[in-house]
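1. sequence-free structure coming up:
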């Protein structure tokens with residue numbers, strides 16, 4: 001009796017498609033900067049003897065990731081002198097952002113934060129610049145990926161999985177790799193050596209600069225090549241001026257409200273959340289007001305402002321009508337189960353008695369490998385099954401994997417259960433991520449791919465991260481077993497949303 005393999009050579013062939021390999025390189029480039037801004041930089045500052053209250057100023061570097069949807073229209077609209085003409089719209093922004101990233105890391109490398117207050121300020125500004133350029137690269141990469149395989153969800157799943165694979169490798173290199181290099185060069189908590197950190201960051205800057213070779217090797221997506229700039233140079237310059245004014249308004253308002261609003265309190269998480277939300281929404285309102293005033297006084301023509309910032313949003317609602325609200329709910333809630341659980345996972349492992357090395361080996365090594373395998377599996381399954389069925393599978397696995405942590409909580413320090421739970425959780429997360437990225441990509445209009453995907457990706461983690469901020473208080477109230485049961489239960493309504501979205505979007509067709 002002849003049997004047919006579940007996966008054949010034809011299913012693996014797309015992973016060697018030039019577009020899939022390109023996304024592997026671009027994913028690697030995207031995964032490099034994050035650790036150099038947050039975890040690795042935080043350890044450098046700690047070893048340099050910087051006070052904790054001073055380190056908080058470096059949280060500004062993360063604002064680029066949070067607000068990237070604000071300037072994403074510029075990536076869709078603006079032409080970069082010489083670069084756009086020679087490389088195309090997407091690759092020009094990729095190259096420019098990568099050069100800016102490498103330059104920022106070089107500035108950080110040649111700045112000793114322990115030298116003076118001015119040096120610390122320079123380091124902070126370089127970190128903010130790195131965050132901004134990295135977020136800009138993310139915008140361009142997302143648009144590149146969407147336009148490389150328009151209207152092909154199966155291929156989107158594949159190139160999304162290779163992107164995630166590259167991203168994970170980049171994170172490992174600048175995370176664990178940079179820390180091991182600095183340690184090998186002689187810098188420790190007890191014996192701070194600026195030269196060790198300088199060499200480490202120079203090496204990382206060289207690696208980031210080398211990523212430009214991948215950008216030059218990549219081919220400009222046909223869709224991006226066909227689309228021409230809609231506005232003359234004068235309007236583009238004015239758009240940039242309006243953006244700069246709006247950002248200055250946002251930064252001023254954010255700092256001003258931080259000084260005048262009551263400080264948060266860990267013992268009152270709801271009050272802290274309200275104050276931070278007021279600060280954020282107030283800052284965005286000021287930025288929007290500055291933009292409106294800019295239009296009224298003639299800094300930018302009203303038609304240009306509407307087409308740049310408003311039309312991409314209204315397009316989504318025009319295309320999906322009432323179903324847009326359903327899709328937005330699904331986007332905002334799909335990853336809630338595993339994101340909320342992940343916020344406190346390392347604390348949970350430590351309280352069970354696992355050492356830092358145990359957690360690093362299980363989560364940062366074994367877990368990353370399983371996440372990569374999950375992404376590859378998601379890409380393979382997407383070729384055989386409908387995307388909404390795979391969305392359903394990803395949601396079930398992501399929620400169900402949290403139940404394994406209940407077993408771990410009741411078993412204590414059991415390495416077999418620990419590795420099994422971490423492995424299954426990361427496998428499920430990798431599969432769900434690759435499928436979900438492909439799903440989000442399918443919702444965008446390629447005319448506004450950069451803007452719409454930036455909005456979707458911001459929404460994707462907003463509510464889960466907010467709720468995750470209360471995970472410690474929830475654990476204090478109901479314990480770890482109750483908490484992971486709660487996070488698993490959060491995934492149940494998502495199954496209904498997926499079924500509803502499938503009925504609304506695909507059943508009629």
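-> Looks like it arrived, so ask away. Only a predicted model underlies this, so the values are computations on that prediction, with no experimental measurement involved. Numbering: from 1, shown residues only.

2. Only C-alpha atoms from now on, for both contacts and neighbour counts.
-> Will do.

3. would you list every one of the helices in the stretch 201-350 of the chain?
-> 222-226, 233-260, 269-296, 302-305, 311-320, 323-333, 336-343, 345-351 (DSSP state H, counting those that start in this stretch).

4. Need the winner for burial among these.
-> Highest mean neighbour count among those (mean count of other C-alpha atoms under 10 Å): helix 336-343, with a mean of 23.

5. Can you list the low-confidence ranges for the stretch 251-400 of the chain?
-> 263-273, 276, 356 (pLDDT under 70).

6. can you pull the buried residues of stretch 386-397?
-> By neighbour count on 16 or more other C-alpha atoms under 10 Å, the buried set for stretch 386-397 is 387-388, 390-397.

7. picking that back up, any chance of a markdown table for the helices of the stretch 201-350 of the chain, columns distance to residue 435?
-> Formatted as a markdown table, the helices of the stretch 201-350 of the chain follow (distance: least, C-alpha to C-alpha, whole Å):
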| stretch | distance to residue 435 |
| --- | --- |
| helix 222-226 | 23 |
| helix 233-260 | 34 |
| helix 269-296 | 31 |
| helix 302-305 | 34 |
| helix 311-320 | 21 |
| helix 323-333 | 12 |
| helix 336-343 | 15 |
| helix 345-351 | 24 |
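
8. Of all the ones you listed, which one comes closest to residue 403?
-> Residue 403 lies closest, by C-alpha to C-alpha, to one member of the helices of the stretch 201-350 of the chain: helix 336-343, at 10.7 Å.

9. Which neighbouring elements make contact with the closest one?
-> If you count contacts as 3 or more C-alpha pairs under 8 Å, 6 or more residues apart in numbering; DSSP states H and E, helix 336-343 packs onto helix 387-411, helix 449-468, helix 471-490.

10. Which helix or strand contains the residue lying closest to residue 454 once chain neighbours are set aside?
-> Sequence neighbours aside, residue 69 is the residue nearest to residue 454 in space, at 5.0 Å (criterion: C-alpha to C-alpha, 6 or more residues apart in numbering). In this structure, residue 69 sits in helix 68-77 according to DSSP states H and E.

11. So which bits of the very next helix or strand once past that helix are buried?
-> Counting by DSSP H and E, the next helix or strand C-terminal to helix 68-77 is helix 83-87. Buried residues in helix 83-87, counted by 16+ other C-alpha under 10 Å: 83-84, 87.

12. So for the next helix or strand after helix 83-87, what gets flagged as buried?
-> Sequence-wise, the next helix or strand beyond helix 83-87 is helix 89-109, with elements assigned using DSSP H and E. Going by neighbour count (16+ other C-alpha under 10 Å), the buried part of helix 89-109 is 89-109.

13. So what's the residue count around the residue nearest to residue 454?
-> 23 (other C-alpha atoms under 10 Å).

14. hmm, who's touching stretch 90-98?
-> 75, 80, 83-84, 133-134, 136-137, 140-141, 143-144, 208-209, 211-212, 215-216, 218, 220-221, 224 (C-alpha atoms under 8 Å, 6 or more residues apart in numbering).

15. With stretch 15-22 instead?
-> 14, 148, 158-159, 162-163, 214, 218.

16. Which of those sits closest to residue 383?
-> Comparing the contacts of stretch 15-22 against residue 383 with C-alpha to C-alpha picks out residue 158 as the nearest, at 8.6 Å.

17. Setting aside sequence neighbours, what's the nearest residue to that closest one?
-> residue 379 (4.3 Å).

18. Please identify which helix or strand holds the one you found.
-> If you go by DSSP H and E, residue 379 is part of helix 367-382.

19. Which neighbouring elements make contact with that helix?
-> Contact here means 3+ C-alpha pairs under 8 Å, 6+ apart; on that basis helix 367-382 packs against helix 153-172, helix 387-411, helix 415-443.

20. Return the distance of that helix from the chain's centre.
-> Averaging C-alpha positions (C-alpha atoms, centre = their mean, to the nearest Å) puts helix 367-382 18 Å from its chain's average.

21. what comes into contact with that helix?
-> Contacts made with helix 367-382 from outside it, assessed by C-alpha under 8 Å, 6+ apart, are listed as 7, 11-12, 153-155, 157-162, 164-165, 168, 390, 422-424, 426-435.

22. Recalculate using a threshold of 6 Å.
-> 154, 157-158, 161, 165, 423, 426-427, 430-431, 434 (C-alpha atoms under 6 Å, 6 or more residues apart in numbering).

23. In stretch 109-120, which residues are buried?
-> For stretch 109-120, the neighbour count (16+ other C-alpha under 10 Å) marks 109-114, 119-120 as buried.

24. now swap in stretch 141-156 and tell me
-> For stretch 141-156, by 16+ other C-alpha under 10 Å, it's 141-151, 153-156.

25. circling back: columns pLDDT and distance to residue 494 on top of the contacts of helix 367-382, output as JSON lines?
-> Compiled in JSON lines, those are given as follows (pLDDT from 0 to 100; distance: C-alpha to C-alpha, whole Å):
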{"residue": "154", "pLDDT": "74", "distance to residue 494": "22"}
{"residue": "157", "pLDDT": "80", "distance to residue 494": "20"}
{"residue": "158", "pLDDT": "85", "distance to residue 494": "24"}
{"residue": "161", "pLDDT": "84", "distance to residue 494": "22"}
{"residue": "165", "pLDDT": "87", "distance to residue 494": "26"}
{"residue": "423", "pLDDT": "93", "distance to residue 494": "23"}
{"residue": "426", "pLDDT": "90", "distance to residue 494": "19"}
{"residue": "427", "pLDDT": "92", "distance to residue 494": "19"}
{"residue": "430", "pLDDT": "87", "distance to residue 494": "18"}
{"residue": "431", "pLDDT": "89", "distance to residue 494": "16"}
{"residue": "434", "pLDDT": "84", "distance to residue 494": "17"}
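
26. who wins for neighbours among those residues?
-> Taking other C-alpha under 10 Å as the neighbour criterion, residue 161 ranks highest of these with 34 neighbours.

27. tell me the contacts of it?
-> The contact partners of residue 161, by C-alpha under 6 Å, 6+ apart, come to 375-376, 434.

28. Same list, those, but as a markdown table with distance to residue 500 please.
-> Shown next, in a markdown table, are these (distance: C-alpha to C-alpha, whole Å):
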| residue | distance to residue 500 |
| --- | --- |
| 375 | 25 |
| 376 | 27 |
| 434 | 21 |
